[in-house]
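> sequence and computational prediction follow.
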Amino acid sequence: MSQNAITQHQPTLFAYPKQAAFGRILPKNKIYEHSGANTRLKDLFVEQVEQIVWQYKLAPETINLLARPGVPEIQIFSIQLKSTELHEEILRCIDDAVQFPILFELNQGHGDQAKTQVAATYKRPREADANRWVLSSYFTSNWMPAATTRTAMPLALDMAQLYAALLQNLLPMSARPKETLPDLIARVELATSMRRDVEKTQTRLAKEKQFNRKVEINATLRQLKSELEQLSR
């Protein structure tokens, strides 16, 4: 995945209910048709993706949870990769083509060497056009052995609660009391951006030779670290 993805290093692989199994291969040309993929993006699919399987369909009729606005169903897609690389644009293309929230299980290697990574974006309908979706940054797990023991799917009262629980498994920060999922996502993205600012400021400080400038940069760095600490609580 792209370096822009936000990674959770201690995630869980979930065991989805057998009655939700869908198991259909999703042809790449169907994704091209529904997303308007250009030639460059099609080439990325050919280079990096071996096969896409629509693995599970989490829906009211398969798991007996009520649909909610923005989360009528949740799809679980399994993508077998041709190499260790997957461009984020490929996932965005699939998310644009499929009108439901999706969790991706990315797989590379075979047999004892097989590994799995989970990836997802927070996906919600646009307020101005419910047929179009707003996508957050992508959140990923670290790579895990594909044979990792899976945990039972989180308990939830409806599809929206289930979606929040599945996404929170991928987030590097926990929700504050009464914090909504959109607010948590925004806080994670802001903290990630600030972390990059801290790293850039540390690099500037290390390269600066003038004492007065080093003092100024150091003060900026302390302020950034303090704000980041507050944001991460």
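Yep, it's here.

> near residue 212, how many other residues are there?
Here the number of neighbours of residue 212 (other CB atoms under 10 Å) works out to 8. (C-beta placed from N, C-alpha, C; glycine too.)

> elements contacting the helix or strand harbouring it?
Residue 212 is part of helix 211-232 when elements are defined by DSSP states H and E. In this structure, helix 211-232 makes packing contacts with helix 181-207, judged by 3 or more CB pairs under 8 Å, 6 or more residues apart in numbering; DSSP states H and E.

> now do the helix it packs on against helix 211-232, angle only.
160 degrees (axes from the mean of the first three to the mean of the last three CA atoms, to 10 degrees).

> buried sites along helix 181-207?
Neighbour counts over helix 181-207 (16 or more other CB atoms under 10 Å) mark 181, 184-185, 187-188, 191-192, 194-195, 201 as buried.

> swap in stretch 95-110?
So stretch 95-110, judged by 16+ other CB under 10 Å, has buried residues 95-108.

> hang on, the earlier thing: would you turn the buried residues of helix 181-207 into CSV with pLDDT?
Listed next are the buried residues of helix 181-207 as CSV, based on pLDDT from 0 to 100:
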residue, pLDDT
181, 92
184, 94
185, 93
187, 94
188, 93
191, 92
192, 90
194, 93
195, 91
201, 94
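
> and which of these is nearest to residue 27?
Taking CB to CB as the measure, residue 185 is the one of those closest to residue 27, at 31.4 Å.

> return the residues in contact with that closest one.
The neighbours of residue 185, taking CB atoms under 8 Å, 6 or more residues apart in numbering as the test, are 122, 136, 167, 171.

> need the max-distance pair from the residues you listed.
136 and 171 (10.5 Å).

> still on that earlier bit, now intersect the buried residues of stretch 95-110 with the strands, please.
Using DSSP state E, the subset of the buried residues of stretch 95-110 located in strands is 102-108.

> residue contacts, the residue lying closest to residue 173 once chain neighbours are set aside?
Closest residue to residue 173 apart from its sequence neighbours, by CB to CB, 6 or more residues apart in numbering: residue 188 at 5.4 Å. Counting by CB under 8 Å, 6+ apart, residue 188 makes contact with 6, 137, 139, 171-173.

> check residue 168 too.
174-175, 181, 184.

> just send those residues back as TSV, with distance to residue 79 too.
What follows is those, written out as TSV (distance: CB to CB, whole Å):
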residue	distance to residue 79
174	28
175	28
181	24
184	26
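
> where along the protein do the strands fall?
6-8, 14-15, 21-25, 49-58, 74-81, 102-108, 115-125, 133-141, 144-145, 151-152.

> so, low pLDDT: which residues of this protein?
Scanning the chain for pLDDT under 70 picks out the ranges 1-4, 7-10, 130.

> could you rerun that using 90?
By pLDDT under 90, the low-scoring segments of the chain are 1-12, 33-37, 83-85, 99, 110-112, 125-133, 172, 174, 211, 230-233.

> so which of the strands of the chain gets nearest residue 37?
Across the strands of the chain, closest to residue 37 is strand 49-58 (CB to CB), at 11.9 Å.

> noted, bye for now.
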